[in-house]
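Q: Sequence below, structure please.
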Amino acid sequence: MRLPRVALPRAAAALLAILAACGEDAPPVDLCADIACGLNASCDAGSGACLCAGTDAPCDGACDSAGLCLPPLPAAVCSDGTRFTAGTPVFREATEAWGLTGVEGVRLNVADVDGDGYADLLVRRGGAAPDGLGPDGRRETWLLRNEGGTGFTDVTQASGILQRRGDADGGRPIDVVAFGDVDNDGDVDAFLGLPTWDPALAQGETHELMLNRGDGTFELGPVSDVAEPTRFLAPGGASFSDVDRDGNLDLWVPQNSFQPDERTIVYLQDRFYFGDGAGGMSDGLFDAGLVTRPWSSVDDLNAGLAHSRAWSALARDLDGDGTPELMVGSYGRSPNHLWRGTRDASGTVRYENQGVASGYAYDDDRTWTDNQLAACYCRQNPTADGCADAIRPNISCGGGWLHERDTQAFRLGGNSAATAAGDVDNDGDLDLLTGEIRHWWAGRGSDGGEVLLNASEGDAVRFERPGDDALGLAIAHAPGTTWDEGHMTNALLDFDNDGRLDVYIGASDYDGNRGRLYHQAESLAFTELGVADFFEHFRSHGVAVADLDRDGDLDMVVGHSRFRCGDSGECYATAQVRAFENVMPAGNFVQLALEGAPGTNRAAIGAQVLVRYGDLVQRLEVDGGHGHFGAQSDLVLHVGLGTACEVEVEVRWPDEALTTERHVLPAGHRFRLVQGEPPVVAD
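A: Got it, this is the predicted structure:
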């Protein structure tokens with residue numbers, strides 16, 4: 001095991017002393033070669049000690065930005081490592097113990113809103129109904145304060161996060177949420193979006209940025225372009241990122257469609273805003289080149305150039321050039337969008353639609369002849385183009401198939417919801433996990449959720465699809481039976497801290513659907529956990545993952561959808577969320593809480609961290625919001641280390657220069673990494 005970075009000078013000095021005692025000529029040693037003393041400090045070449053400007057005295061550790069001595073990094077808390085094996089219980093339910101009884105919803109965000117170092121929860125039912133905050137009102141939204149890892153307290157009303165700009169009664173209706181420090185004052189603010197196309201839902205309110213006062217309470221931010229009071233909006237997700245690296249968070253809000261009547265679907269232009277660092281936002285859609293086209297040309301639709309039907313948002317730097325790509329998961333088997341960003345020498349950022357070319361828009365299977373609706377059409381029109389290959393229908397035939405339209409590529413994708421990002425294959429870039437609704441009657445051409453491996457090169461973002469069968473992620477369906485997969489929410493997490501990401505699928509809304517957890521024991525080899533080791537939770541819609549009790553492993557909170565409840569008995573009495581505490585031995589891990597310096601957004605959203613531990617490498621990116629109608633991971637990054645007792649950490653900050661800093665850190669601790677300063681333990 002290598003020693004932590006701060007211990008190297010003393011080790012070198014001891015070595016010299018031993019050599020001298022043995023009568024050997026001591027080789028020349030640069031005691032300051034591997035020392036990071038911090039700002040306002042220097043390293044003494046004779047002793048290898050840091051000299052802090054604030055005290056002008058040797059320091060055992062490093063020096064902070066004020067020139068004051070910091071304690072040395074702690075020793076590693078290390079074991080032989082942990083790895084799941086069948087028959088090992090991973091989770092136990094903690095819903096009641098953590099005070100979550102009566103909290104209902106399917107849309108979950110994690111954010112430390114009060115800055116105490118513990119992840120808080122935002123839970124929403126979904127649907128943007130106004131919140132009845134009184135004792136007799138129907139609750140729609142809960143902001144839950146984490147009380148030091150022991151449980152949660154409902155602080156929704158006290159926080160002011162649902163306050164209105166208008167004078168209607170009740171709490172603000174919200175549908176989409178993302179957290180980020182938009183005014184760079186050191187706390188997380190909130191974007192709250194809602195469908196303004198429906199006046200009954202919006203009740204005179206618009207999109208808002210709610211500014212955190214620093215204590216977990218919120219106030220209305222300044223009125224800016226993000227409100228868009230004259231535009232019909234139907235947000236399907238939201239992601240913060242700093243696309244132009246000016247130190248201010250920008251906002252990506254792709255749009256779903258809406259139906260003003262049964263015969264009409266209105267498709268909307270996605271929205272994008274540049275932040276000013278003070279809580280204001282300006283429309284940046286045209287300047288960034290993110291404009292799409294109406295649903296009128298089949299060629300545009302097949303090329304993924306028409307408006308999306310957003311069911312999720314995601315911002316991640318997939319090609320490693322420092323500019324995040326912007327993504328949209330689209331409903332209705334329409335193409336997903338992926339916009340590749342480039343930045344010129346003047347700092348101007350422009351986007352190019354690479355959804356189809358990248359392989360993210362839809363997979364390569366264009367089969368339609370085994371679709372039951374197509375089979376019905378072909379039975380009635382046997383000479384129609386392609387119908388000779390159609391199957392015999394196994395349903396009572398009616399309408400529903402428009403032959404010229406429904407055989408096009410833009411109709412043969414998936415009902416795409418959440419996309420999660422993570423380094424699934426440990427090769428140092430970010431891969432994707434997609435979530436899709438799939439039905440038995442739609443046939444092979446309907447895309448299912450799967451892992452997309454990053455194969456980007458040069459100026460192109462590209463993905464490979466090894467397939468669920470190859471990875472062990474396929475779900476078996478008995479031949480001749482009907483089935484539906486409602487895989488709308490998901491997560492990538494290392495639940496056993498073995499250093500490889502595992503897969504959670506939140507399957508919902510249809511009979512037979514339940515949450516599923518897959519362990520990655522070897523590279524790209526997944527095995528599903530039985531419910532005895534995991535947990536059984538039907539219609540598992542919505543998921544939040546974080547180390548909620550700060551014991552070094554990842555816990556889970558899942559939602560429950562009561563939509564389409566049938567006679568199976570799988571719908572619970574209410575949409576109660578359930579919390580599950582990880583009870584495996586924590587094993588080896590490190591947690592990283594990043595904070596940007598001036599010139600970098602304070603929350604460090606978009607910062608990429610490359611970690612090396614043992615024989616593995618993993619890339620992570622701080623999440624500014626993703627998922628189906630707004631989900632979010634903890635801003636604190638969690639890395640399982642397997643058997644390693646230390647980790648090499650390379651942080652690339654999202655500033656103008658893409659400043660890169662490197663540290664060597666011992667296992668078993670949470671560290672606060674402030675840009676330009678030495679690591680500080682945050683246990």
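Q: for the stretch 51-200 of the chain, what spans make up the strands?
A: In the stretch 51-200 of the chain, the strands defined using DSSP state E, counting those that start in this stretch lie at 58-59, 91-93, 107-111, 120-124, 141-146, 152-154, 176-180, 189-193.
Q: so the fourth one versus strand 176-180, what angle?
A: Going back to what we said before, that points to strand 120-124. Orientation of strand 120-124 against strand 176-180 (axes from the mean of the first three to the mean of the last three Cα atoms, to 10 degrees) gives an angle of 160 degrees.
Q: and F534, how far is that from E93?
A: Distance, F534 to E93, using Cβ to Cβ, to the nearest Å: 11 Å. (C-beta placed from N, C-alpha, C; glycine too.)
Q: cool, and T489?
A: From T489 to E93 the distance is 19 Å (Cβ to Cβ).
Q: And for P678?
A: Per Cβ to Cβ, P678 is found 41 Å from E93.
Q: what's around the residue nearest to V155 when sequence neighbours are not counted, how many residues?
A: Once flanking residues are discounted, V155 sits nearest to R145: 4.7 Å by Cβ to Cβ, 6 or more residues apart in numbering. Using other Cβ atoms under 10 Å, R145 is surrounded by 22 other residues.
Q: One more: the one 3 residues further on?
A: G148 has 11 neighbours, counted by other Cβ under 10 Å.
Q: contacting residues around it?
A: By Cβ atoms under 8 Å, 6 or more residues apart in numbering, the contact set of G148 is 116, 118.
Q: I'd like the distance between it and W98.
A: Taken as Cβ to Cβ, the span from G148 to W98 is 12 Å.
Q: about what we covered before: between T489 and E93, which one's more packed in?
A: Between T489 and E93, counted using other Cβ under 10 Å, the more crowded position is T489 (31 against 13).
Q: Please, which helix or strand holds that one?
A: Assigned by DSSP states H and E, T489 belongs to strand 484-493.
Q: So which elements touch that strand?
A: Under the contact definition 3 or more Cβ pairs under 8 Å, 6 or more residues apart in numbering; DSSP states H and E, strand 484-493 sits against strand 415-422, strand 431-439, strand 502-507, strand 543-546.
Q: re the thing from before, I'd guessed the residue nearest to V155 sits against G216; true?
A: Yes: R145 lies in contact with G216 (Cβ atoms under 8 Å); the separation is 6.8 Å.
Q: Residues that sit against both of the two, list them.
A: 113-114, 120, 155.
Q: S239 pairs with what?
A: Beta-bridge pairing of S239 under DSSP bridges involves W252.
Q: For the shared contacts of R145 and G216, please prepare TSV with the additional fields distance to L524, pLDDT and neighbour count.
A: What follows is those, written out as TSV (distance: Cβ to Cβ, whole Å; pLDDT from 0 to 100; neighbours: other Cβ atoms under 10 Å):
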residue	distance to L524	pLDDT	neighbour count
V113	37	98	27
D114	40	98	19
D120	34	98	27
V155	42	97	18
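Q: Return the distance of the strand holding T489 from the chain's centre.
A: In terms of Cα atoms, centre = their mean, to the nearest Å, the centre of strand 484-493 is set 13 Å apart from its chain centre.
Q: strand partners of that strand, parallel vs antiparallel please.
A: Here, using DSSP bridges, strand 484-493 pairs with strand 431-439 (antiparallel), strand 502-507 (antiparallel).
Q: in stretch 533-547, what's buried?
A: 533-535, 537-547 (16 or more other Cβ atoms under 10 Å).
Q: distance between the ends of it?
A: 19 Å (Cα to Cα, to the nearest Å).
Q: Show me how far that stretch is from its chain's centre.
A: 16 Å.
Q: which regions of this structure lie under the pLDDT threshold?
A: 1-29, 34 (pLDDT under 70).
Q: Tell me which stretches of it form helices.
A: Assigned by DSSP state H, the chain shows helices spanning 8-21, 156-159, 199-202, 285-288, 298-302, 355-358, 372-380, 403-406, 468-471.
Q: Return the set of buried residues in the second one.
A: Neighbour-count burial for helix 156-159, with 16+ other Cβ under 10 Å as criterion, is recorded at 156, 159.
Q: which residues are in contact with it?
A: Taking Cβ under 8 Å, 6+ apart as the rule, helix 156-159 contacts 113, 131, 133, 141-144, 162, 171, 216-218.
Q: ok, the closest residue in space to S334 that isn't next to it in sequence - contacts?
A: The shortest distance from S334 to any non-neighbouring residue, by Cβ to Cβ, 6+ apart, is to R309 (5.1 Å). The contact partners of R309, taken as Cβ under 8 Å, 6+ apart, are 236, 256-257, 267, 330-332, 334.
Q: tell me the contacts of the nearest residue to G81 once chain neighbours are set aside?
A: Among residues not flanking G81 along the chain, T643 sits closest, at 3.7 Å (Cβ to Cβ, 6+ apart). Neighbouring residues of T643 by Cβ under 8 Å, 6+ apart: 80-81, 588, 614.
Q: please redo it, this time with the cut-off set to 10 Å
A: 78-83, 498-499, 587-588, 613-615, 667 (Cβ atoms under 10 Å, 6 or more residues apart in numbering).
Q: go on, A306?
A: Counted by Cβ under 10 Å, 6+ apart, A306 has contacts 267, 292-300, 334-335, 337, 410.
Q: again, only this time at 8 Å
A: The contact partners of A306, taken as Cβ under 8 Å, 6+ apart, are 267, 292-297, 300, 410.
Q: Could you do E325 as well?
A: Counting by Cβ under 8 Å, 6+ apart, the residues that E325 touches are 315-319, 338-341, 461.
Q: If we use 7 Å, what do you get?
A: Applying Cβ atoms under 7 Å, 6 or more residues apart in numbering to E325 gives the contacts 316-318, 338-341, 461.
Q: Would you reformat these as CSV and include distance to G347 and neighbour count?
A: Formatted as CSV, these follow (distance: Cβ to Cβ, whole Å; neighbours: other Cβ atoms under 10 Å):
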residue, distance to G347, neighbour count
R316, 20, 24
D317, 16, 23
L318, 20, 27
L338, 23, 27
W339, 18, 25
R340, 17, 23
G341, 12, 25
V461, 21, 24
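Q: if we can go back for a sec, reformat the contacts of T643 as CSV; add distance to T482 and neighbour count.
A: Formatted as CSV, those follow (distance: Cβ to Cβ, whole Å; neighbours: other Cβ under 10 Å):
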residue, distance to T482, neighbour count
C78, 51, 17
S79, 48, 15
D80, 48, 9
G81, 44, 20
T82, 41, 22
R83, 38, 18
D498, 38, 22
G499, 40, 27
G587, 42, 24
N588, 46, 29
Y613, 46, 24
G614, 46, 15
D615, 45, 10
A667, 49, 27
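Q: Which two among the residues you listed are spaced furthest apart?
A: Distances among the contacts of T643 were taken as Cβ to Cβ; the most separated pair is S79 and D615, at 17.6 Å.
Q: Counting neighbours, what do you get for the residue nearest to A45 when sequence neighbours are not counted?
A: Using Cβ to Cβ, 6+ apart and skipping the chain neighbours, the partner closest in space to A45 is C32 (5.6 Å). Neighbour count of C32, defined by other Cβ under 10 Å: 20.
Q: C32 and P679, how far apart?
A: 18 Å.
Q: do L162 as well
A: For L162, the distance to P679 (Cβ to Cβ) stands at 37 Å.
Q: same check, this time on G160
A: Going from G160 to P679 by Cβ to Cβ gives 35 Å.
Q: Who has more neighbours out of the two?
A: Taking other Cβ under 10 Å, G160 and P679 do not tie; P679 has more neighbours (27 against 19).
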